[in-house]
Structure formats: structure tokens, C-alpha cells
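Need coordinates for the below:
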Amino acid sequence: MKKDTLKYIIFLVLGLYSTQSFACDCDCDGDCSFSSVSTGGLVALVKVIEYSEFLEFEDDGKLKKMPLAMKVEVIKKYKGEDTRKTIQIWGDNGMLCRPYTDNFKIGNHYLIAPNKIWNDSENGKKGDYDFFACEVGFLDVDLKKKMVYGAYAKNINEISFSKIETILSK
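This is a model prediction of the structure:
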């Protein structure tokens, strides 16, 4: 019994240690709120329409899929040169310092200021987008309440949709 407990403890310690080696250690110098991050590139109101590109893995003998990317419909563009009505945004695979795609719910709206992907890789395609987990590149939008939630600016975690539209339209 002691031998099994010792094996379990060693396995647990090694598992925690190896997980930490891949963890994203964010250091944000200065203001990394949405108002600061959204000064260049694409800024848009989007609706998540589907998950795409999946990582397949086995868990308890069952094949499972984790979404690595999502397709979003651009409802309104505020800034940027991209003219597509649908864009793809890539998330984290467990080692990339990006938010996980399944944190974004299908059918929900978000205000986004993503980073453009400049080269093809297994973690994104040229012309697609991603978010950096250490910055606030997206905010939750509740169109029924006409409110936006998340770190818009320092000490502003909730703002009316009409106020943010006025700011972004300048």
C-alpha cells in the first residue's frame, strides 16, 4: 500500500512540475486593458458561429475533441483593413499563452481586438487571428442589456455599449 501511495505522490509532483514548465507566465508592462490593446489593427463586434480545427485526444477510453479555433461573424467593424464577414480566431492548445477557444460560447457576442497571424503553422493560418492571454483582446457584449463587460480600461470593467461605440467611432 505504501509503495502505491509513494508512486502516486511522485506521479503527482512530476505532473505538476511538468505542467508548470508549459504554463503561460504573463508579465504585462503598463496598461494591457482593451482600450490600450485596441489602438491598432482590427477592432470589431463579432458573434461566435462555430468551433473549428480540433485537437483530438483519448480520455478514459473515449475519443474527445478540444476546439482549437473558432469562426466568428463580423457584425460591425470599427477599425482595421480586413473586409471579410467571417474570420477565424485560434485559441490555446495548452502551451501557447492564448485563451482557450471553448471559453467563447457559440451564439455570444464579443468586442475583439485580435492579433493577426502572419505565417502558417499548426497553431494558426496566415491571415487568421489569435489573442495573447496577457492582454485584454476581447470583451463580453450583452446586446439585450446594451452593456460590455471586461477590463475595458484601468478600473473600468463595465461600460455601456453606446459609450464604447462612440469611443471606437472616433
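
rest of the way, CA atoms for contacts and neighbours
Fine.

Residue 75 reaches residue 48, doesn't it?
No - contact between residue 75 and residue 48 fails when scored by C-alpha atoms under 8 Å: they sit 10.3 Å apart.

Could you check which of the two has the larger neighbour count?
Neighbour totals were compared for residue 75 and residue 48, and residue 48 leads with 21 against 14 (other C-alpha atoms under 10 Å).

Could you check how far stretch 113-128 is from the centre of its chain?
How far stretch 113-128 lies from its chain's middle: 13 Å, per C-alpha atoms, centre = their mean, to the nearest Å.

quick one: average pLDDT of it?
Over the span of stretch 113-128, the pLDDT mean works out to 94.

How about stretch 146-158?
Stretch 146-158 carries an average pLDDT of 95.

Could you give me the buried positions within that stretch?
147-153, 158 (16 or more other C-alpha atoms under 10 Å).

Next: stretch 69-76.
Neighbour-count burial for stretch 69-76 flags 69-74 (criterion: 16+ other C-alpha under 10 Å).

could you dump the residues you listed to a markdown table with secondary structure?
What follows is the buried residues of stretch 69-76, written out as a markdown table (DSSP: H, G, I helix; E, B strand; the rest coil):
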| residue | secondary structure |
| --- | --- |
| 69 | strand |
| 70 | strand |
| 71 | strand |
| 72 | strand |
| 73 | strand |
| 74 | strand |
